[in-house]
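S.K.: got a sequence here, can you model it:
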Amino acid sequence: MMTSDVLKLDAEALNAFLRRAFPLTTDAAIAEVIEVVPGRARLVLPYNERTLRPGGVISGPTMMSVADTAVYAMVLAHIGEQPMAVTTSLTMHFLRPAKPGPLTADVRLLKLGRRIATAEVHLHTEGPDKPCASAMVAYALPAL
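M.R.: The predicted structure is shown next:
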């Protein structure tokens, strides 16, 4: 039985799984799980100037990728290693330019159902009081 009160994977296990699941991605191109507790997680994408778009701010596709990775990690933390949990929707709101720097994703699990998990993500480079984007993400869960 799945529950949002118990974790099946900790940060170390999630990071190891993400490296195995995406072997062609360099460590600098995938967000690292810094903290995971029931219902919440924090991931950080190290700064790399290749993530910048013209104008010197972090690109939208980079922020969307980090939001999606963050929810994937959060879902797996709760349901275990289930590689076929997949994104069903991702709605992103860009709030302000993301200044160059490490991109932090703070994730909150809103609902963990039998078939769908829903979470919200807030992204920032200048601190949680200055979010650069927020996202609502839903994941379809494999039949367990």
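S.K.: helix, strand or coil: sort out the residue of the chain most remote from its centre for me.
M.R.: Distance from the centre of the chain peaks at Gly55, with 24.8 Å (Cα atoms, centre = their mean). Taking DSSP: H, G, I helix; E, B strand; the rest coil as the rule, one finds Gly55 in the coil state.
S.K.: ok, it - contacts?
M.R.: Neighbouring residues of Gly55 by Cβ atoms under 8 Å, 6 or more residues apart in numbering: Pro97. In this view, the C-beta of every residue, glycine as well, is placed from N, C-alpha and C.
S.K.: roughly how far apart are it and Pro97?
M.R.: Going from Gly55 to Pro97 by Cβ to Cβ, to the nearest Å gives 7 Å.
S.K.: repeat for Arg108
M.R.: Per Cβ to Cβ, Arg108 is found 24 Å from Pro97.
S.K.: same check on Arg20?
M.R.: Here Arg20 is placed at a distance of 34 Å from Pro97 (Cβ to Cβ).
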